[in-house]
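Q: got a predicted structure here, sequence first:
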Amino acid sequence: MKRSGSMIKLGAAGILLLLLIIIYLLNPAFFNELWKVCLSGDMNLVAEYINSFGPWAMVFSFLLVLCVNAIGFPPAIIFSSANALIFGIVPGIALAWIAETVGVTISFLLLRFFFRDAAEEIISQNSYLKKIDDVSGKEGFKVMLIARLVPYLPSGLLNAVGALSQMSLRDYVLAALIGKLPSTAIEAMIGHDAVTASENPYRLVFNILLAVVVIGAFFIYEKRNNKQE
């Protein structure tokens, strides 16, 4: 049974590798160009690169945000902000929100498929980890929802925590779908307004203060919750 599971995982990894090879063969410069754009951290450059795909810009941007959230790197704020610059604040946020939710769901499925068995073996040997794992199954939705509401928390870390815990796929997806809307909106608007600060400086200040309040509330909640435990 274990051998069969290993073969399935090996086959899945092979399919992912084949997909990357096909993309490379179709456009050898694609990964190099994308890597440079992503590492630049320049929202204007990212927006310009996305726009270079013309009528396919929105589709490409959706897939790009999806992949970034599935991988957990680089920070998605660069791309959600670029979407707001290109397509407008409301459409850009909506595009980023749906793409991010799909991306973290794919990440959850892949991480759970490849690593949950190994995580279970480690957890079973430690009573403290077992307790945390049991809690994640019962209260996973609430914990993940609160974490997803907080802007700038590393998405890759939350993906891994959810996938390696007992949390159900349904709870994880709902928590991501609901929680990512406000956090994505705050991140995208701060990024958008940082580039266009002269147009509406007061909104930028408001969004920064809102982000600080949300992040502060999260840490206060965590501190109180840890004391109760």
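A: Structure's in. What do you need?
Q: rounded mean pLDDT for stretch 102-118, please.
A: Averaged across stretch 102-118, the pLDDT comes to 81.
Q: buried ones in that stretch?
A: Buried residues in stretch 102-118, defined by neighbour count with 16 or more other Cβ atoms under 10 Å: 102-108, 110-112. From N, CA and C alone the C-beta is placed, and that goes for glycine too.
Q: out of those, list just those in helices.
A: Using DSSP state H, 102-108, 110-112 are the members of the buried residues of stretch 102-118 that sit in helices.
Q: and which of those is nearest Val46?
A: Gly103 (16.2 Å; Cβ to Cβ).
Q: thinking again about what came up before, just the ones in helices among the buried residues of stretch 102-118 now: which is nearest Val37?
A: Gly103 (17.6 Å).
Q: that closest one: what's it in contact with?
A: 65-70 (Cβ atoms under 8 Å, 6 or more residues apart in numbering).
Q: do that again at 10 Å, thanks
A: Contacts of Gly103 were listed using Cβ atoms under 10 Å, 6 or more residues apart in numbering, and they are 62-72, 76, 96, 155, 159, 176, 180.
Q: quick one on the thing from earlier: of the ones in helices among the buried residues of stretch 102-118, which is the nearest to Asp171?
A: Distances from Asp171 to these, taken by Cβ to Cβ, are shortest for Phe108, at 10.6 Å.
Q: quick check: chain neighbours aside, which residue is closest to that closest one?
A: Nearest residue to Phe108, sequence neighbours excluded (Cβ to Cβ, 6 or more residues apart in numbering): Ala163, at 4.7 Å.
Q: repeat that for Phe53.
A: Phe60 (4.4 Å).
Q: distance check, the most centrally placed residue in the chain against Leu209.
A: For the chain, Asn69 is the residue whose C-alpha lies nearest the centre (Cα atoms, centre = their mean; 3.4 Å). According to Cβ to Cβ, to the nearest Å, Asn69 stands 26 Å off from Leu209.
Q: and stretch 162-171, end to end?
A: 10 Å (Cα to Cα, to the nearest Å).
Q: the chain should start at 871 in everything you say after this.
A: All set: I'll call the first residue 871, so the last point we hit is now stretch 1032-1041.
Q: buried stuff in it?
A: Result for stretch 1032-1041 [16+ other Cβ under 10 Å]: buried residues 1032-1037, 1041.
Q: for those residues, work out which two are farthest apart.
A: Leu1034 and Asp1041 (14.4 Å).
Q: is it correct that Leu1080 is in contact with Ile1056?
A: Yes. The criterion here is Cβ atoms under 10 Å, and Leu1080 meets it with Ile1056 at 6.1 Å.
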